[in-house]
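Novice: With the sequence up front, the predicted model follows.
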Amino acid sequence: MTKFASKRNLELTVPTWVRRSIGKASEISTVQKIIKQRQIHTICEEGRCPNRGECYAQKTASFLLMGPVCTRACAFCQVDKGHAPMPLDPDEPRKVAESVQLLGLRYVVLTSVARDDLPDQGASWFVKTMEAIREDNPETQIEVLTADFWGGHSQEAGQRDRIATVVKAKPTCYNHNIETVRRLQGPVRRGAKYERSLQVLQIVKEIDASIPTKSGIMLGHGETEAEVIETMTDLRALECDRLTIGQYLRPSLEHLPVQKYWTPEEFEHLGAIAREIGFTHVRSGPLVRSSYHAGEES
């Protein structure tokens, strides 16, 4: 019996507004062929994003750095978990840069699995990959979506140093997802904490206020509208510039069940509130993900 099998009978019917075609097969297969040939990964594929066909057509993709195995075990995430992730591929930055060039990407999102096993949690790997992309593709804009970089012997000081390493490389945007409201952080984001994630965004602005910051919230874990608004307010208090709000979709019976499917009208309502409280770029809808239409924000 799986961890959440007892809740099978409580599974909600998936509404029509979260069902979507994956896009043109030709566009998806072109990207898949290039990344598989180079043995690299995209979060679009690893996370089975419903928008990947659309994003590929718009010359945007999100690369998953440092392998497909995460050292954390968030209960919502499709990415594989394990305590023994693969060694870093020294050619990965070059392979990613080559893929960006072959695909003609104008906007790239670099994200990664959490690598708590590495001394700098992978911060320098983001920089190496950014440098490789810029060498071959100087016009391509690069957004980073990092973990919280928390861990090691000197946790708080280490976190700041790791974030500074990435910030000094001047990404187009620095993204770190809060994922859910304060009350639900424990069951949803194992190994992460609400205040720690807010701290990531605060540190980025303290180091370089000119870099836009971004965060994302998933709905459907049992949060209330008031809690979502509280989370948005907490993010804006740290001058977070951009926000994505999307529906959590259960990847498998091993993951947390969906507690509620928020309607398109409710997403529109929350998006309007987000704009009212000062976010400069807001994407709010059932199928919105962290990188959705990211290139249109710059």
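Specialist: That came in fine, so what should we check first?
Novice: what's the neighbour count on residue 90?
Specialist: Neighbours of residue 90 under the rule other C-beta atoms under 10 Å: 8. In this view, the C-beta of every residue, glycine as well, is placed from N, C-alpha and C.
Novice: tell me the SS of it?
Specialist: When the structure is split into helix, strand and coil by DSSP: H, G, I helix; E, B strand; the rest coil, residue 90 lands in coil.
Novice: got the residue ranges for the helices in the protein?
Specialist: Counting by DSSP state H, the segments of the chain that form helices are 25-37, 43-46, 52-57, 92-103, 123-136, 155-167, 185-188, 194-207, 225-237, 264-276.
Novice: weakest of those helices by average pLDDT?
Specialist: Averaging pLDDT over each of the helices of the chain singles out helix 43-46 as the lowest, with a mean of 60.
Novice: Can you give me the buried ones in stretch 169-181?
Specialist: Within stretch 169-181, the residues scored as buried using 16 or more other C-beta atoms under 10 Å are 169, 171-181.
Novice: Would you mind giving the helices of the chain as TSV with distance to residue 288 added?
Specialist: Written out in TSV, the entries for the helices of the chain read as follows (distance: least, C-beta to C-beta, whole Å):
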stretch	distance to residue 288
helix 25-37	19
helix 43-46	14
helix 52-57	12
helix 92-103	23
helix 123-136	24
helix 155-167	24
helix 185-188	18
helix 194-207	19
helix 225-237	14
helix 264-276	8
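Novice: Tabulate those in TSV, adding columns for mean neighbour count and distance to residue 113.
Specialist: What follows is these, written out as TSV (neighbours: other C-beta atoms under 10 Å; distance: least, C-beta to C-beta, whole Å):
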stretch	mean neighbour count	distance to residue 113
helix 25-37	15	16
helix 43-46	22	9
helix 52-57	21	18
helix 92-103	20	12
helix 123-136	19	11
helix 155-167	18	15
helix 185-188	16	17
helix 194-207	19	16
helix 225-237	17	24
helix 264-276	16	28
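Novice: Looking at those, which is nearest to residue 67?
Specialist: Ranking the helices of the chain by distance to residue 67, with C-beta to C-beta as the measure, places helix 92-103 first at 8.6 Å.
Novice: So residue 139 sits against residue 105, correct?
Specialist: No. Assessed by C-beta atoms under 8 Å, residue 139 is found out of contact with residue 105, at 10.2 Å.
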